[in-house]
Structures are given as C-alpha cells and as structure tokens.
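Trainee: pasting the sequence and the predicted model now:
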Amino acid sequence: MTDFLAPYSGPWSPRLAAHLLRRAGFGGSPADVAAAAGSGMDSAVDRLINFKSDSYPSAPNGDISYPVGPGTQLDPGAIKQRTRSTVLTELWWLNRCLLTTNPLQEKMVYFWHNHFTSAINQNGVQPQDMVDQLNLFKQMAFANFGDLTHAVTRSTAMLLYLNNAENRKQHPNENYARELMELFTMGVGNYSEDDVRESARAFTGYSIDRQTRQFAFYPRAHDYGSKTFLSRSGDFDGDDVINTILQQPVTARFLATKFIKNFVYDRDIEPGLVDAVAGRFRATNYDVRDLMNTLLRSSVFYSSKAYRGLVKSPLEVVVGAHKMLGASAVEPAALGALIGMGQNPLVPPNVAGWPGGSLWLNTGTMLARINYCNRLVLYKAGSGMTLAAGTSMSASSMGDMADMTDAQKLTPQISPPTDWIAGTSTQDPNSVANRVVDLAVQGDLTGQQLNMIVNYLSTDAVGNFVQLNGENIDEKVRGAMSLAMALPAYQLA
C-alpha cells in the first residue's frame with residue numbers, strides 16, 4: 001500500500017526547490033531558489049511554514065471608498081472613484097503577493113479567497129470589505145478550519161455576497177446555507193434540500209451593522225424554533241450548523257480533495273491519497289498548518305506526477321514573472337493583462353470561484369500570457385513603451401491612476417537583464433541560453449527548444465551570425481527570456 005504522506009527522502013535539487021516555491025508561494029527569485037536549494041528540503045519548508053512578522057500595509061494607501069446610492073451608477077465622478085478604489089485595492093493585494101516575506105501565507109490567502117468566495121463590487125461588497133476579508137485570511141491562514149469557517153461566516157464581504165445579511169425569520173434566505181455545504185464544506189450530494197432550508201433558518205439574524213459595516217446578530221430576526229439538520233434536531237443557530245458539518249466524515253474528504261487539487265495535482269487523484277489526507281486532517285481536528293506541513297514534506301508532493309502537474313493561474317504567471325525578473329512592484333497594466341488571461345483579480349466568476357486547471361488555457365488566454373510576459377521582459381524605462389497595449393485596461397483608465405503611490409507606478413520595476421545571467425560568460429550563447437532556461441523553467445525543455453534559444457542568441461533577424469557583445473547583450477537576453485517564458489513548461493506550476 002502506497003504511503004503517500006511518507007516524508008520525501010530523495011535527492012534535493014534546485015528543480016525541486018523551485019517546485020516548492022511555486023506551489024507554496026508564487027515562485028521565487030534566483031536568490032530565493034538558490035537559498036531553498038542550498039538549505040535542504042526540511043529547512044526550506046520550515047522557512048515557509050513559520051511565518052514572520054511583516055511590515056506590508058494592512059490596507060491600500062489612498063481612499064478606497066466610493067459613493068453609493070441612487071444616481072451614482074451613472075455619475076462620471078462616482079464611476080471614476082469606484083474604478084480608482086478597485087484598482088488601488090487590487091494592486092495593493094497583487095503587490096502584497098509579490099513583496100511578502102511569507103509567500104506561503106499569501107498563497108493561503110489566495111487559496112481561501114478562491115474557496116470562501118466573495119467578489120469586490122458585487123452585492124454591495126465594497127473595497128474595504130474585501131480588504132478586511134483578505135486580512136482575515138492572512139491572519140487565519142493556518143487557523144483551524146472550523147475556526148476559520150465561523151469567522152468567514154461573520155465577515156462583511158461574505159454576509160453581503162451570499163445575501164445572509166438579508167436572512168430574516170420571516171423570509172429566510174438560503175444562499176449562504178446552501179453554498180456553505182455545497183462549495184465550502186461537504187460537496188454536492190451530501191445533504192438534502194430540507195437540510196438547506198433548516199440551516200438557513202439557523203443563520204437568520206446573522207447580519208451587519210449598516211453604520212459600522214461589521215457583523216451584528218439581531219435576535220428579533222433569528223428563528224429560535226426547533227430545526228432538524230443532518231438528522232439531528234435542536235434549537236440550532238449558525239454556529240451549531242457549522243459544528244455539525246465538521247463532524248461529518250465527508251467534510252474531511254471534500255476538503256482533502258480541494259487541498260490535493262490545489263497543491264499536489266488535479267488529475268487522476270488516487271482514492272488512497274484522499275483517504276490519507278482526509279484521515280490526517282480529521283485526526284488533527286482540521287489543523288491546516290499540520291496538513292500543509294505534512295503535504296510539503298511528503299513523497300507525493302515531490303513525485304514526478306506532481307512536478308509541473310498543475311497549470312499556473314494567471315495570478316501565478318504575473319506575480320511569478322515579477323519575482324523571477326527581480327521586480328519591485330506590480331504595475332497597473334498587469335490588471336488588464338490578468339483579465340485577458342481569464343482572471344479578474346478579486347472578482348471570481350461566481351461563488352464556485354475560478355475552476356482552474358486546464359480550463360485556464362485556450363488559444364486566447366495562452367496568447368495573452370505570452371504577449372504580457374513578452375512586453376514585461378522587453379519593457380525599458382524611458383522607451384515610450386507601455387504595458388497597457390494589448391490588455392483590457394484602456395489608456396484613459398491608466399491615466400486616471402497617475403496619482404498613485406510609488407509602489408503603484410505605471411511601469412514595471414524589473415531588474416536589468418544582466419542580473420538575470422549573472423555569473424555566465426556573456427559572450428557565449430550556450431552559456432547565456434542555459435542560464436536563461438535554468439531561471440525560467442529549471443531546464444525543463446527539449447533539446448530542440450534549447451537550440452531555438454541558442455540560435456536566437458547567435459543570429460540576427462535574417463539569420464546571419466552575430467557575436468554577443470556589450471551593445472546587443474541587453475536586447476538578446478530579453479529576447480531569450482521571452483522565448484523561455486513562452487515554453488510549455490513555464491505555464492505549469
């Protein structure tokens with residue numbers, strides 16, 4: 001019988017270090033990969049698991065409120081402020097993903113955001129509500145899953161997004177109760193419509209104070225009558241419903257599958273692997289830190305099936321590219337590029353979240369990925385080039401953002417291409433090509449693909465041989481990196 005969760009004891013390498021950083025974060029800089037490779041697996045995982053305090057701002061720098069109410073939907077000033085508030089919030093989070101000193105913590109924020117789904121500017125969810133929820137996910141990234149579920153139930157963004165703020169004894173709203181079971185804890189087929197109706201009654205009165213926009217319980221709106229839920233009866237409230245759900249064996253299996261699909265692989269998942277992960281999760285009373293610590297050290301995590309066994313999300317493509325290229329900030333044009341790739345930050349397509357996997361890739365989104373990475377790599381300050389071209393964010397919208405803070409400039413802040421190939425012979429195309437592909441895909445390419453990059457470095461536009469030198473090295477390294485980032489392996493986590 002395969003022991004999927006047995007600690008990995010094989011050889012450690014830069015390839016596996018980079019694999020760990022992609023899955024337990026958004027990738028890493030060359031220095032990050034080298035440090036993880038040099039420290040060994042256990043020390044590398046320790047560094048990720050043990051969060052440190054950080055000084056990143058807990059909210060965007062700027063006013064993220066906007067007018068609401070009659071007439072504001074068509075008012076140009078209100079529309080501009082709403083757009084600005086949204087962009088500031090999205091950039092604040094993207095830059096937190098890039099600059100965090102705790103990449104796994106922020107990867108868990110992304111995971112929870114796509115699990116307990118809410119969307120900015122929908123159903124009354126304002127930017128500050130989303131900021132508060134993202135901060136909750138950060139604070140409770142490794143919290144007990146039950147504690148997190150209770151907390152999310154009381155978050156303003158969730159109460160508004162799934163309409164529980166409107167759930168009253170006289171007119172129960174079933175949206176949150178249904179999605180709690182279907183998408184957040186148990187999965188389809190493990191509850192009845194009666195369970196939905198009864199649990200909705202239990203959540204009546206769970207709402208928000210319209211003045212403070214914080215959770216408030218209204219006793220007069222709560223149904224105190226007896227309820228029967230999952231074959232148990234009593235005067236249940238919402239917390240009782242959550243606690244009953246956590247006692248169901250199917251809950252651990254549902255969540256185990258979700259963790260496997262997001263951190264290990266998402267195809268042909270063995271029942272034995274689900275059993276092992278679910279058993280561990282339930283035995284520790286849903287201890288998320290223990291589960292992630294176990295997964296990131298396990299033999300299955302470093303298996304050939306897991307290695308590059310997931311498709312990168314657009315967010316992982318964009319943030320990972322910035323990390324790899326030594327960027328100090330994510331620019332607003334990245335937001336439009338992300339939309340073109342199929343992912344609008346903080347706006348999942350529905351309550352089920354982004355489906356992910358191979359659905360991220362089609363002809364249009366693949367072209368959007370390649371084009372954005374190409375423009376990012378080729379961007380030169382002062383060249384007049386703008387990354388907004390080819391994205392869904394108009395030039396006028398970009399112009400409206402001109403008063404942003406230094407961390408949100410309109411241009412990417414990437415390091416010089418010579419930094420990408422530090423330590424190589426800059427006159428040797430083979431040395432430069434190998435360094436570039438090591439950085440971008442850890443050497444995961446075919447000989448033909450490598451020869452294509454060597455040939456690019458060795459020739460001009462019409463095929464004549466050229467020597468790498470101080471005049472062309474910048475352009476050539478940028479072009480080689482663009483080719484490497486267009487490789488199939490680069491699209492895989």
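Mentor: Thanks, I have it. Everything numeric here is computed off the predicted structure, so don't read it as measured data.
Trainee: run through who's touching stretch 247-256.
Mentor: Residues outside stretch 247-256 that contact it (Cβ atoms under 8 Å, 6 or more residues apart in numbering): 145, 185-187, 190, 230, 245, 274-275, 277-279, 281-282, 286. For glycine as for every other residue, the C-beta is placed from the backbone atoms N, C-alpha and C.
Trainee: give the next helix or strand downstream of the helix-or-strand element of the chain with minimal mean pLDDT.
Mentor: When the helices and strands of the chain are scored by mean pLDDT, DSSP states H and E, helix 395-400 comes last with a mean of 38. Using DSSP states H and E, the helix or strand that follows helix 395-400 in sequence is helix 417-420.
Trainee: who are the packing partners of that following helix?
Mentor: On a contact count with 3 or more Cβ pairs under 8 Å, 6 or more residues apart in numbering; DSSP states H and E, helix 417-420 meets helix 429-441, helix 473-485.
Trainee: for Gln211, find the nearest of the ones you listed.
Mentor: Among these, helix 473-485 comes nearest to Gln211, with 49.2 Å by Cβ to Cβ.
Trainee: show me how far the closest one is from its chain's centre.
Mentor: Centroid separation for helix 473-485 versus its chain: 27 Å, with Cα atoms, centre = their mean, to the nearest Å.
Trainee: now do the same for Ile208: helix, strand or coil?
Mentor: Recorded secondary structure, Ile208: strand (DSSP: H, G, I helix; E, B strand; the rest coil).
Trainee: need the contact list for it.
Mentor: With contact taken as Cβ under 8 Å, 6+ apart, Ile208 is in contact with 156, 159-160, 165, 214-216.
Trainee: what stretches of the chain score poorly on pLDDT?
Mentor: The chain contains residues with pLDDT under 70 at 1, 381-411.
Trainee: the residue nearest the centre of it - nearest residue in space that isn't next to it in sequence?
Mentor: The centroid of the chain falls nearest to Tyr110 when counting by Cα atoms, centre = their mean (3.7 Å). Distance criterion Cβ to Cβ, 6 or more residues apart in numbering; nearest residue to Tyr110, sequence neighbours excluded, is Leu315 at 6.7 Å.
Trainee: for the one you found, helix, strand, or coil?
Mentor: Of the three states, Leu315 takes helix under three-state DSSP.
Trainee: ok, now how distant is it from His19?
Mentor: Distance, Leu315 to His19, using Cβ to Cβ, to the nearest Å: 18 Å.
Trainee: again, but for Gln170
Mentor: Distance, Gln170 to His19, by Cβ to Cβ: 54 Å.
Trainee: does the nearest residue to Ile49 once chain neighbours are set aside lie in a helix or a strand, and which?
Mentor: Nearest non-adjacent residue to Ile49, counting by Cβ to Cβ, 6+ apart: Asn293, 5.3 Å away. Using DSSP H and E, Asn293 maps to helix 288-296.
Trainee: which other residues reach that helix?
Mentor: Residues beyond helix 288-296 that count as contacts (Cβ under 8 Å, 6+ apart) turn out to be 5, 20, 23-24, 45, 48-49, 104, 108, 141-145, 148, 259, 263-264, 277, 280-281, 284, 301.
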